[in-house]
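*Asks:* Sequence and predicted structure, then a few things I'm wondering about:
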Amino acid sequence: KIKYVLETHFHADFVSGHLDLAKETGATIVYGPTAKPNFDAYIAKDGEELKLGNVVIKVLHTPGHTMESTTFLLKDEEGKDHAIFTGDTLFIGD
């Protein structure tokens, strides 16, 4: 079951499909602080932790590419940092 649709930032250059995915699955669209979407979404706070089974996704507000840009840190069952989802926040080689 899909619980969250995590958006790292607004995408002006393509359609991400988040609205369709949320509608089909009942999942909650999540944006980081300062986002002001014109559709239903949960605006998470910097440092907030979202439970997902035995793991946690920590919301990290990382403005830069866009002001609402957010990075999501996946913490494993033991609370250790496991992976990070940066969207367009981190550009390797730039």
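*Replies:* Perfect, thanks for sending it. Numbering: from 1, shown residues only.
*Asks:* Residues contacting the helix or strand hosting residue 71, please?
*Replies:* Element membership for residue 71, per DSSP states H and E: strand 70-75. Strand 70-75 has contacts (Cβ atoms under 8 Å, 6 or more residues apart in numbering) with 6-9, 31-33, 35, 44, 49, 55-62, 81-87, 89-90. To be clear about C-beta, it is placed using only N, CA and C from the backbone, and glycine gets the same treatment.
*Asks:* Neighbouring strands - and their directions - for the helix or strand following that strand?
*Replies:* Next in sequence after strand 70-75, counting helices and strands by DSSP H and E, comes strand 81-85. Paired neighbours of strand 81-85 in the sheet (DSSP bridges): strand 70-75 (antiparallel).
*Asks:* CA atoms of the partner strand as CSV?
*Replies:* This file holds the C-alpha atoms of strand 70-75, laid out as CSV (Å, rounded to 0.1, in the frame of the first residue of the first chain):
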residue,chain,number,x,y,z
THR,A,70,12.9,19.3,0.6
THR,A,71,15.2,16.4,1.1
PHE,A,72,13.9,13.1,2.6
LEU,A,73,16.2,11.1,4.8
LEU,A,74,15.4,7.4,5.2
LYS,A,75,16.2,6.0,8.7
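*Asks:* re earlier: and the contacts of strand 70-75, which of them are in strands?
*Replies:* 6, 31, 49, 55-61, 81-85 (DSSP state E).
*Asks:* any idea of the mean pLDDT in the strand holding residue 71?
*Replies:* Taken as a whole, strand 70-75 has an average pLDDT of 94.
*Asks:* and the angle for it with strand 55-61?
*Replies:* Orientation of strand 70-75 against strand 55-61 (axes from the mean of the first three to the mean of the last three Cα atoms, to 10 degrees) gives an angle of 150 degrees.
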